[in-house]
Structures are given as structure tokens and as C-alpha cells.
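In: requesting a structural model of the entry that follows:
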Amino acid sequence: MAPLVINLAIVIIFMPQLSYLHGNITNYSMGISAYTCFIMVAVYILAAIVILFTSWHQLGHHKLITVSTYVFASIVVTCYQMFHPQALISCIVPTPVIVGTYLNMENLVFTKLQDYSNEMVMGFATLVENRDDNTGGHIKRTTAYVRMLAEELRTRGLYKKQLTGDYIKNLVMAAPMHDVGKIAIPDAILQKSGKLTSEEFDIMKTHAARGGKIIRETFGHLGDDEYEKMAYEVARHHHEKWNGRGYPDGLSQKEIPLSARIMAVADVFDAVSAKRCYRDALPLEECFRIIENGSGQDFDPVIAGCFLT
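Out: I've put the predicted structure just below:
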């Protein structure tokens with residue numbers, strides 16, 4: 001709604017000036033009417049730029065090009081109208097309103113499509129999870145932990161340059177995909193009720209790299225680069241460790257993407273605090289102790305500290 005509100009406000013504020021201008025059209029080259037025209041043109045150009053920059057992240061690449069072209073053309077035409085005041089009166093008001101209305105409609109459609117997309121992602125991730133009888137509800141719980149942890153980090157001013165509203169939104173949407181690579185793990189290993197052998201565990205560990213590959217092959221063509229990047233990070237890197245002893249790439253400290261470092265804490269906490277078919281859930285005190293002991297070893301100490309306090 002912001003672009004439309006901005007444009008309507010401009011129209012309301014400058015409507016009296018339009019009336020004055022119309023009555024003094026022949027004196028455009030001299031006097032206050034000329035200054036009024038220049039001010040209106042400057043405000044319009046500024047409004048067009050604000051509208052574009054406040055909405056660009058909500059538009060796909062092709063829509064962004066369309067809107068950018070439209071705004072640029074409008075600015076050029078408006079500058080031309082500075083020297084042809086007869087056209088200025090008839091064109092300067094409807095143009096920003098049309099742009100704002102267009103962007104507002106695009107935002108409504110985008111929001112609806114985003115809702116459908118979120119539901120599809122969660123449905124696909126749940127389908128993968130249902131192959132594993134040991135992790136019922138894991139996806140929804142870890143997604144909730146990721147949301148709460150990311151928002152708390154932002155509230156405390158930690159990683160504030162990275163944890164923007166859009167970043168957190170993409171992270172929450174990507175979190176359900178962190179174990180998508182398990183779809184490539186054989187049922188005999190995935191559904192085993194006992195402890196895995198070293199060979200079986202090596203196969204299980206491949207789910208991280210396979211998950212990253214699935215994300216690239218499945219979502220790479222959709223055009224949402226930020227979401228694809230985030231989903232890839234949490235799928236491939238959520239088992240990396242702060243000390244570099246994780247997998248699949250042995251990344252350490254801030255080589256590990258922030259999204260994956262947040263996901264790692266949420267994933268481990270849920271793994272130890274939820275009941276599995278081969279063991280009961282651990283007491284909460286012990287679960288928190290595992291996170292505390294892993295701070296600076298398995299987990300980013302800043303993120304682990306925020307989670308614990």
C-alpha cells in the first residue's frame with residue numbers, strides 16, 4: 001500500500017498548486033508559477049524513485065525491468081514537459097498514481113503467490129520428513145526455533161546488518177528444506193531404529209550435499225535468487241561446525257553462512273529434545289547443556305549464547 005499512499009498524498013498536497021498553475025499557464029516562463037512547476041517535477045521524480053526502490057525486492061526480474069522502464073520514461077517525459085507546460089497540467093498527476101496503483105496490485109498478487117509458495121515448500125518438506133519415522137514434527141519445530149532465534153538476534157542488535165526483515169522471511173521459508181537431501185537416503189538407513197554403523201552414517205551424512213544439489217536443480221530456475229541461496233545454505237551447511245569439523249565441506253566459523261549457523265542450533269536442539277523411536281526425549285536441562293557445551297565448538301558462540309539466554 002505504501003506506493004499508492006505516497007502518490008495520493010502528492011496529488012492532495014499539490015492539487016491547489018495545479019489549480020493556480022492552470023490559471024497562469026501563459027505566464028509559465030516568469031513568476032511563481034514557474035517555480036511551482038519545477039518543484040512539482042522534482043517531487044514527482046523523487047517520488048518515482050522512492051516507489052521503485054521501496055518495491056523492487058517484491059518484484060521478479062521481468063517485472064522490475066517493466067516498472068523501471070515505465071518510471072524512467074515517465075521521468076524523461078516529465079522533464080520534457082518542463083518546457084511545455086500545457087502538457088504538464090494534464091500528465092503530471094495521473095502518472096504517479098498509475099505507477100503506484102500498478103505496484104500496489106503487483107504487491108497483492110505477489111503476497112498471494114508467496115503464501116501459496118510457502119505452503120508448497122512446507123508440503124514438500126513434510127513429504128520428505130514422512131519417510132523418516134524418527135523425526136515426526138521436526139520440520140515445524142525447527143522452523144519455529146529458527147524464526148524465534150533470528151528475531152531475537154535482530155532484537156538484540158546481533159548480526160543486524162544481515163538480519164533484515166527480508167532475510168528472516170527467506171530464512172524461515174528456507175528452514176523446512178534443510179533435510180530435503182534425506183529423500184535420497186535408502187529407507188533401510190533412514191528408518192533404522194537402532195544405532196547406525198560407521199558405513200551407514202557415512203551414507204546418512206551425504207544428505208547435506210545431496211540436499212544442496214536438489215535445491216539448485218529444483219529451485220534454480222524460479223528466479224528467486226535470495227530464497228534459492230538461503231535454501232541451499234541451510235540444506236548443504238547445517239551440519240558444518242564452528243571448529244571446522246563438520247560436513248560436507250569442513251567450513252569453520254564465519255565461513256559457514258549465517259543462515260546455516262542459526263539452523264544448526266535449531267536442528268540439534270530439536271534432535272535432542274524430541275522423542276525418537278530408539279530413545280526418549282532428553283530432559284530440557286541436558287538439552288540446553290548440549291548447546292552450551294557446543295558453543296564455540298559446534299556452534300557460533302554468539303548464536304548459542306542468544307539461544308541460551
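In: run a quick neighbour tally on K254.
Out: Neighbour count for K254, taken as other Cβ atoms under 10 Å: 10. C-beta coordinates here come from the backbone N, C-alpha and C atoms, glycine included.
In: go on, T142?
Out: 26.
In: pretty sure it contacts V265?
Out: No. The pair T142 / V265 is not scored as a contact, 9.7 Å apart, by Cβ atoms under 8 Å.
In: show me the contacts for E217.
Out: For E217, no contacting residues are found, by Cβ atoms under 8 Å, 6 or more residues apart in numbering.
In: buried residues in the host helix or strand of it?
Out: Using DSSP states H and E, E217 falls within helix 198-219. Residues 200, 203-205, 207-216, 219 are the ones in helix 198-219 that count as buried (16 or more other Cβ atoms under 10 Å).
In: give me the mean pLDDT for that helix.
Out: Per-region confidence: helix 198-219 scores 91 on mean pLDDT.
In: just the CA atoms of it, as CSV, please.
Out: Provided in CSV are the C-alpha atoms of helix 198-219 (Å, rounded to 0.1, in the frame of the first residue of the first chain):
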residue,chain,number,x,y,z
SER,A,198,30.0,-46.2,10.5
GLU,A,199,29.3,-47.1,6.9
GLU,A,200,25.6,-46.2,7.3
PHE,A,201,26.5,-43.0,9.0
ASP,A,202,28.8,-42.0,6.1
ILE,A,203,25.8,-42.5,3.7
MET,A,204,23.5,-40.6,6.0
LYS,A,205,25.9,-37.6,6.0
THR,A,206,25.6,-37.3,2.2
HIS,A,207,22.1,-35.9,2.7
ALA,A,208,23.6,-32.5,3.2
ALA,A,209,25.4,-32.3,-0.1
ARG,A,210,22.6,-34.0,-1.9
GLY,A,211,20.1,-31.5,-0.4
GLY,A,212,22.1,-28.6,-1.8
LYS,A,213,22.1,-30.3,-5.2
ILE,A,214,18.4,-30.9,-5.1
ILE,A,215,17.8,-27.2,-4.2
ARG,A,216,19.9,-26.0,-7.1
GLU,A,217,18.2,-28.3,-9.6
THR,A,218,14.7,-27.8,-8.3
PHE,A,219,14.5,-24.1,-7.4
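In: and the next element down the chain from it?
Out: Past helix 198-219, the next helix or strand by DSSP H and E is helix 225-237.
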